[in-house]
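A.B. asks: Kindly generate the corresponding structure for this input.
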Amino acid sequence: MNIIDMPADGTINEDVVCAHNQSRYHDTPFHQHSNHYELYLFLAGNATFWTRASAYPMKRGYLVAIPNGHWHRAVTNDDSLYERIFLNIRTNLVKDFSTFDTDLSTCFKVDKSKEINILKLNETDLSEFVSLCDKLIAVLDQPTVFGNDIRERILLSDILLLINRVDNITNQPQNIIPALLQNMIRFIDTNLANDLSLSAISQHFYLNQSYLNRYFKRYMGLSIHKYISESRINQAKILLKAGKSVTDACNQCGFGNYSNFIRAFTRYVGISPGKYKK
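C.D. replies: Below you'll find the predicted structure:
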């Protein structure tokens, strides 16, 4: 097993990252990948997979296809052996592998009622997926070996072809997300342009500020402030791509201070909002 975990902020610099991990405890902070798709296969243990609006108990063979830009995390519920595989692929790479007749990104496309697709692999498909990923990991670990760049492309194509022929689960697993957490996330996501200070949120829910922050971090793995900041930056990216000016993006995402917006955007994205817009 190669023990690799994602950075806390979800940043991935490589085109492809793949890991087959085992551990007794796991608690990934809520994160997203702006330029990568992710495949997460649950093999063993007792874990829950979280999105912004849902929490699903995992079963062996559940494969989660996560579109880029969607918040998620996986958390173990006890100390039983937790085994999983995750594969992150840069979105433009999947596009390059696709053809006019075969769109390999289909498995990541979700309707408006969902954030992710959950597929169920039978034991035959499960065994094939694990074998392909283990071979891919070996290839990624030796990038300078002659021909491994081609082997990587072949293995990735085979993995994506396999996943795109597997059907989504007809009956979604039970959503066990707490109602308060769901309401908090909904309130934040629909009020990014408004006052989202901890004081304002606590007044809306008639709950103590410290309690709300502890409650949110318990389930999400990050503070309310960090979630709001990253959500506002992501909204700004969407507005800039849509042609909005840097000033408009700043104002419409709730950044009252232009200088703070420039600093926060540059720190999170790696380039200034002006360069990002271009």
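A.B. asks: do you know how far the nearest residue to residue 164 once chain neighbours are set aside is from residue 149?
C.D. replies: Distance criterion CB to CB, 6 or more residues apart in numbering; nearest residue to residue 164, sequence neighbours excluded, is residue 107 at 4.9 Å. No exception for glycine: its C-beta is placed from N, CA and C like everyone else's. Residue 107 sits 24 Å away from residue 149 when distances are taken as CB to CB, to the nearest Å.
A.B. asks: now do residue 203
C.D. replies: According to CB to CB, residue 203 and residue 149 sit 56 Å apart.
A.B. asks: related to what we said a few turns ago, settle it for me: which of residue 107 and residue 149 has more neighbours?
C.D. replies: Legend: neighbour count by other CB atoms under 10 Å for residue 107 and residue 149, higher for residue 107 (22 against 11).
A.B. asks: Wasn't that one part of a strand?
C.D. replies: No: Residue 107: not assigned to a strand; according to DSSP: H, G, I helix; E, B strand; the rest coil it is helix.
A.B. asks: my read: it touches residue 116, true?
C.D. replies: No: judged on CB atoms under 8 Å, residue 107 makes no contact with residue 116 at a distance of 10.6 Å.
A.B. asks: what touches both of these two?
C.D. replies: residue 65 (CB atoms under 8 Å, 6 or more residues apart in numbering).
A.B. asks: Excluding sequence neighbours, find me the nearest residue to residue 241.
C.D. replies: residue 277 (7.9 Å).
A.B. asks: make that residue 185, sorry
C.D. replies: Distances taken as CB to CB, 6+ apart put residue 52 closest to residue 185, at 5.1 Å, once the chain neighbours are dropped.
A.B. asks: try residue 196
C.D. replies: What sits nearest to residue 196 in space, not counting adjacent residues and going by CB to CB, 6+ apart, is residue 228, at 5.1 Å.
A.B. asks: Equivalent analysis for residue 134, please.
C.D. replies: residue 20 (6.0 Å).
A.B. asks: Could you point out the helix or strand that follows the helix or strand containing the one you found?
C.D. replies: Element membership of residue 20 [criterion: DSSP states H and E] is strand 16-23. Using DSSP H and E, the helix or strand that directly follows strand 16-23 along the chain is strand 36-44.
A.B. asks: Could I get the average pLDDT for the helix or strand following that next one?
C.D. replies: For strand 36-44, the following helix or strand on the C-terminal side (DSSP H and E) is strand 47-51. In this model, strand 47-51 has an average pLDDT of 93.
A.B. asks: try stretch 99-118
C.D. replies: Averaged across stretch 99-118, pLDDT comes to 91.
A.B. asks: hang on, isn't the residue nearest to residue 241 packed against residue 246?
C.D. replies: Yes: the criterion here is CB under 8 Å, and residue 277 meets it with residue 246 at 6.5 Å.
A.B. asks: between the two, what contacts are shared?
C.D. replies: Here residue 277 and residue 246 have residue 240 as joint contacts, going by CB under 8 Å, 6+ apart.
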